[in-house]
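Trainee: Build me a structure from this.
(one chain, ligands or ions: 1)
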Amino acid sequence: MSRSIVLAAAQLGPIQKAEGRDVAVGRMVRLMEKAHQRGVNVVVFPELALTTFFPRWYEEDIAVADHWYETSMPSNATAPLFEAAKKYGIGFHLGYAEKTPDGHRFNTAIYVHPSGEVVLKYRKVHLPGHKEFDSNRKVQHLEKRYFEVGDLGFPVVRAPIAGTEANIGMLICNDRRWPEAWRVLGLQQVEIVMLGYNTPSINQDNKGFEAHHLRVEHSHLSIRSGCYQNSCFGVGTAKGGTEDGHELFGHSIIVNPQGEIMAQATSWGDELITAECNLDDCNLGRTTIFNFAAHRRVEAYGRILEQTGSVAPPVWTPKG
Ligand code: CDT
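Mentor: All right, here's what the predicted structure looks like:
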């Protein structure tokens, strides 16, 4: 049985604050049509794909921000995506802001089977930024205000895709920079990591200079190393371009288990990139250098779970 499938990153250009979900969904449906023409089996859309990256906007009263969240999925606004999936037989990954019936708010992603059923849900664990308005910053990054830390762990599930089955998992944006997150997926034999992001192209922390080009480099470095060290494919999909004067970088990529970039977006607008991925390519790393059962040394990793922040090492001084 061939385990070759075609994966796509459906990068989105900017979504302005004043634009409704209908604008974003219309653009996404057009990318699904294009995906169908190119024989794609799975389309990965970005983090918070339905709206502008709203955590840059401060609201004193979080209830005023309610309109950014989805309270049901699918909804009237997102139904065209589910219909396109059915029409074209394509599975899709969607990132959105979720408000639960009991009032919890999460930065969430789902993977939807072509039948329209939600196969897997993940809620972002690593929330960057801050909770209160920060007057040192030119642009706010209020994910810690608008979202709670995800409560679903890092789930992986085996699901049917295009005549085969694949072990799928998800990360969301900042998660990609944390090797612990990748390893928890790797320990569940993940084969495809779907990952959407919204990353400003300038570091707004005002704590030192970070060269512009390194922002993209660090994103790629994180995804490539995550894929290599866990023997999996990764689809990293950006929302890029300038949203109300605030620039996000594009550079979406599809990466193989050797850590190589198979496809890369060249624009910061709506763009579909694709790659044919043989899931059996995950076996080489998994059975050799990253054969976890043979080579991991959990007895030496205690600190990883016992400690959150770093501590200074003991000081060595010469005896003589
Ligand atoms: N969306 C998201 O997680 N973005 C972060 C930028 C952090 S800057 C405070 C990222 O890691 O790409």
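
Trainee: quick one: secondary structure of the residue positioned nearest the centre of the chain?
Mentor: Nearest to the mean C-alpha position of the chain, by Cα atoms, centre = their mean, lies residue 195 at 2.4 Å. What DSSP: H, G, I helix; E, B strand; the rest coil gives for residue 195 is strand.

Trainee: Isn't it up against residue 238?
Mentor: No. Assessed by Cβ atoms under 8 Å, residue 195 is found out of contact with residue 238, at 10.0 Å. C-beta: built from backbone N, CA, C; applies to glycine.

Trainee: hang on, the earlier thing: would you mind measuring from the residue nearest to the centre of the chain to residue 234?
Mentor: Separation of residue 195 from residue 234 (Cβ to Cβ, to the nearest Å): 6 Å.

Trainee: next one: residue 52
Mentor: Distance of residue 52 to residue 234, computed by Cβ to Cβ: 25 Å.

Trainee: The two: which has the busier surroundings?
Mentor: Ranked by neighbour count (other Cβ atoms under 10 Å), residue 52 and residue 234 place residue 234 first, with 31 against 22.

Trainee: Helix, strand or coil: sort out that one for me.
Mentor: strand.

Trainee: what residues are up against it?
Mentor: 192, 193, 195, 223, 224, 226, 227, 253, 254, 255 (Cβ atoms under 8 Å, 6 or more residues apart in numbering).

Trainee: Now for the fifth one: which residues touch it?
Mentor: In this structure, residue 224 makes contact with 234, 255, 259, 260, 261, judged by Cβ under 8 Å, 6+ apart.

Trainee: And for residue 44, the neighbour number?
Mentor: By other Cβ under 10 Å, 29 other residues sit near residue 44.

Trainee: quick one, phi/psi of it?
Mentor: The phi and psi values for residue 44, taken as degrees, to the nearest 10, are phi -110, psi 120.

Trainee: who touches it in this structure?
Mentor: Neighbouring residues of residue 44 by Cβ under 8 Å, 6+ apart: 7, 8, 9, 10, 92, 93, 194, 195, 196, 235, 237.

Trainee: so who does residue 45 touch?
Mentor: Neighbours of residue 45 in contact, by Cβ under 8 Å, 6+ apart: 10, 12, 28, 31, 92, 93, 94, 95, 196, 237.

Trainee: so what pLDDT did the second one get?
Mentor: It refers to residue 12. Predicted confidence (pLDDT) at residue 12: the value is 98.

Trainee: what's the distance between the closest residue to it other than its chain neighbours and residue 269?
Mentor: Of all residues not flanking residue 12 in the chain, residue 239 sits nearest, at 4.8 Å (Cβ to Cβ, 6 or more residues apart in numbering). Taking Cβ to Cβ as the measure, residue 239 falls 10 Å from residue 269.

Trainee: So the two - more neighbours on which side?
Mentor: The neighbour comparison of residue 239 against residue 269 (other Cβ under 10 Å) goes to residue 239, with 31 against 14.

Trainee: surely the more buried one meets residue 198?
Mentor: Yes. Assessed by Cβ under 8 Å, residue 239 is found in contact with residue 198 at 4.8 Å.

Trainee: what is in contact with these two at once?
Mentor: Joint contacts of residue 239 and residue 198 (Cβ under 8 Å, 6+ apart) are 46, 47, 48, 53, 248.

Trainee: most neighbours, which of these?
Mentor: Result: residue 46 is most packed of these (other Cβ under 10 Å), 32 neighbours.

Trainee: Give me every residue in the chain lying close to the ligand.
Mentor: Residues of the chain lying near the ligand by Cβ under 6 Å from any ligand atom: 47, 128, 129, 141, 173, 174, 177, 197, 198, 199.

Trainee: Provide the secondary structure category for residue 277.
Mentor: Recorded secondary structure, residue 277: strand (three-state DSSP).

Trainee: same check, this time on the one 5 residues further on
Mentor: Per three-state DSSP, the local secondary structure of residue 282 is helix.

Trainee: which residues does residue 167 contact?
Mentor: 156, 157, 158, 188, 189, 190, 191, 192.

Trainee: Among those, which lie within helices?
Mentor: Judged by DSSP state H, helices contain none of these.

Trainee: Need the buried ones from the residues you listed selected in PyMOL.
Mentor: For the buried members of these, the matching PyMOL selection, counting by 16 or more other Cβ atoms under 10 Å, is:
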select buried, resi 156+188+189+190+191+192
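
Trainee: Show me the two of the contacts of residue 167 that sit farthest apart.
Mentor: The span of the contacts of residue 167, defined through Cβ to Cβ, is set by 188 and 192 at 12.1 Å.

Trainee: which residues do these two both contact?
Mentor: 167, 169.

Trainee: re earlier: quick one: which of the contacts of residue 44 is nearest the ligand?
Mentor: Checking the contacts of residue 44 against the ligand with Cβ to the nearest ligand atom, the nearest one is residue 196 at 8.9 Å.
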